[in-house]
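Asks: Below are the sequence and a predicted model; questions follow.
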Amino acid sequence: MASSWTGHRVRLRAVEPDDWTAFRRFAEDDGWPGSGLDLPRSAESHRVGAREQAVAECDDDRFLLVVEATATGESVGTVGSHRTGRRSGWFECDVRIGAEHRRRGYATEAVELLLRYMFGERRYHKCLAAVLAHNEASLALFRRLGFTEEGRLRKHVFFAGRHHDLVLMGMLAEEFHGRHTVSAP
């Protein structure tokens with residue numbers, strides 16, 4: 001591993017203004033959260049969003065990073081921490097990979113790199129992930145990483161004309177460190 005932000009398959013990096021084209025492509029993906037359910041967005045709204053994210057401060061350990069394939073340098077998705085409880089030591093993460101890049105190990109490695117940073121450098125002790133109950137691929141991803149189902153919010157999220165269950169997955173720092181060893185530089 002060349003750096004703390006680079007694995008074998010992916011490199012995590014800051015959002016750049018030019019990432020708007022990838023974000024637009026991801027938003028149009030079938031199955032990307034929010035796709036097909038929100039009003040269509042203009043190219044300019046994606047440009048503005050990427051510009052704003054590129055200069056956003058890391059507010060209370062909440063941030064978004066681009067997941068870039070190391071082999072090609074292409075932006076394949078995003079990973080980030082979007083909710084934190086610093087006083088209690090928990091954070092919530094999410095990962096989104098574009099449809100044409102799924103099932104290649106990018107999400108697994110991106111989340112591992114994020115967890116290594118948040119547990120090791122930022123000293124959080126717990127990570128949460130909220131996953132729609134029908135999203136079997138994401139549930140399987142978090143289980144493979146070592147997350148445990150901690151609860152289910154029944155009919156908690158409404159979209160596509162009906163309510164859906166939300167599964168809360170959690171992992172403690174000691175569970176992560178017991179499963180994921182750090183290789184020496």
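Replies: Yes, it's here. Numbers count the residues shown, from 1 in each chain.
Asks: name the helices or strands packed onto the longest helix along the chain?
Replies: Assignment by DSSP state H gives helix 106-120 as the longest helix of the chain. Contact analysis of helix 106-120 by 3 or more CB pairs under 8 Å, 6 or more residues apart in numbering; DSSP states H and E lists strand 10-13, strand 63-69, strand 75-85, strand 90-97, strand 126-132, helix 136-145, helix 173-179 as its packing neighbours. In this view, the C-beta of every residue, glycine as well, is placed from N, C-alpha and C.
Asks: Not counting it itself, show me its contacts.
Replies: If you take CB atoms under 8 Å, 6 or more residues apart in numbering as the criterion, helix 106-120 is touched by 4-10, 12, 61, 65, 67, 69, 76-77, 79-81, 91, 93, 95, 97, 124-125, 127, 141-142, 144-145, 171, 173, 176-177, 180, 182.
Asks: would you list the helices and strands packed on helix 106-120 in CSV and tack on mean pLDDT, distance to Val157 and mean neighbour count?
Replies: Putting these into CSV (pLDDT from 0 to 100; distance: least, CB to CB, whole Å; neighbours: other CB atoms under 10 Å) gives the following:
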stretch, mean pLDDT, distance to Val157, mean neighbour count
strand 10-13, 98, 27, 21
strand 63-69, 97, 21, 21
strand 75-85, 95, 15, 20
strand 90-97, 96, 14, 21
strand 126-132, 97, 6, 20
helix 136-145, 96, 13, 16
helix 173-179, 95, 26, 15
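Asks: Which of these sits closest to Trp20?
Replies: Across the helices and strands packed on helix 106-120, the minimum distance to Trp20, taken as CB to CB, is reached by strand 75-85, at 10.4 Å.
Asks: residues in contact with that closest one?
Replies: 10, 12, 19, 22, 26, 60-69, 90-98, 101, 106-107, 110-111, 113-114, 118, 124, 128.
Asks: quick one, that strand and helix 106-120 angle?
Replies: Orientation of strand 75-85 against helix 106-120 (axes from the mean of the first three to the mean of the last three CA atoms, to 10 degrees) gives an angle of 30 degrees.
Asks: Direction included, what does strand 75-85 pair against?
Replies: strand 63-69 (antiparallel), strand 90-97 (antiparallel) (DSSP bridges).
Asks: any chance of these in CSV, plus distance to Ala50?
Replies: Formatted as CSV, the strands paired with strand 75-85 follow (distance: least, CB to CB, whole Å):
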stretch, distance to Ala50
strand 63-69, 10
strand 90-97, 15
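Asks: ok so, going back, is it possible to export the helices and strands packed on helix 106-120 to CSV including distance to Glu44?
Replies: Listed next are those as CSV, based on distance: least, CB to CB, whole Å:
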stretch, distance to Glu44
strand 10-13, 24
strand 63-69, 20
strand 75-85, 19
strand 90-97, 22
strand 126-132, 30
helix 136-145, 31
helix 173-179, 40
